[in-house]
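Q: Just need the structure, nothing else, for what follows:
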Amino acid sequence: MAKKIGLFYGTQTGKTETSAEEIQAAFGGDLVTLNDISNASASDFDDYDCIIIGCPTWNIGELQSDWDGFYESELDAMSFAGKKVAYFGTGDQIGYADNFQDALGILEEKISGLGGQTVGLTSVDGYEHDASKAQKGNQFVGLALDDDNQPELSAERIKTWVTELRSAFEI
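A: As a prediction, the model looks like this:
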């Protein structure tokens, strides 16, 4: 039997890994399997119909290095047809206001083009940024976390988002 939810994350400083663990805990633990993208292969995604992608925006609007390598080497050959995909990222909306959460937008665009059904959009209300590739209208394509400027909001944002994902993933 296939596992229910696969969470694939990349992390530079540990913040995205910590957020992945918090998301896993909010789902109740056993429902979500954590996969560090630096150790993952394309075939690892085959085990899941519901996928969560975690990636910080690094440097100036770039993918985290492990995701960047996966994006360049493996992603184009994959199919996400029939898979529901949710995204979360960590970033700094004040220091990088012109490209806050760009990594989410880059990954979501590619994966939705490969057949993935995006779920788990969140409102841009409460954020102070100027531009983002992850923003479509008044929503982000996933959960935007900013532990640099709004760490006190992350736990509640995760809890609310996981509740929405339970419905989207039909759990």
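
Q: which helices and strands does the biggest strand by length in the chain pack with?
A: Assignment by DSSP state E gives strand 84-90 as the longest strand of the chain. On a contact count with 3 or more C-beta pairs under 8 Å, 6 or more residues apart in numbering; DSSP states H and E, strand 84-90 meets helix 15-26, strand 50-54, helix 102-113, strand 117-118, strand 143-145, helix 151-168. For glycine as for every other residue, the C-beta is placed from the backbone atoms N, C-alpha and C.

Q: so which of these comes closest to Asp36?
A: Closest to Asp36 of the helices and strands packed on strand 84-90 is helix 15-26 (C-beta to C-beta; 7.5 Å).

Q: How about the closest one, which residues are buried there?
A: By 16 or more other C-beta atoms under 10 Å, the buried positions in helix 15-26 come out as Lys15, Thr16, Glu17, Thr18, Ser19, Ala20, Glu22, Ile23, Gln24, Ala26.

Q: Tell me the first helix or strand C-terminal of that helix.
A: Downstream of helix 15-26, the first helix or strand assigned by DSSP states H and E is strand 32-36.

Q: Direction-wise, compare that following strand with strand 50-54 and give the angle.
A: Computed by axes from the mean of the first three to the mean of the last three C-alpha atoms, to 10 degrees, the angle separating strand 32-36 from strand 50-54 equals 40 degrees.

Q: ok, strand 32-36: who's next to it in the sheet?
A: strand 5-9 (parallel) (DSSP bridges).
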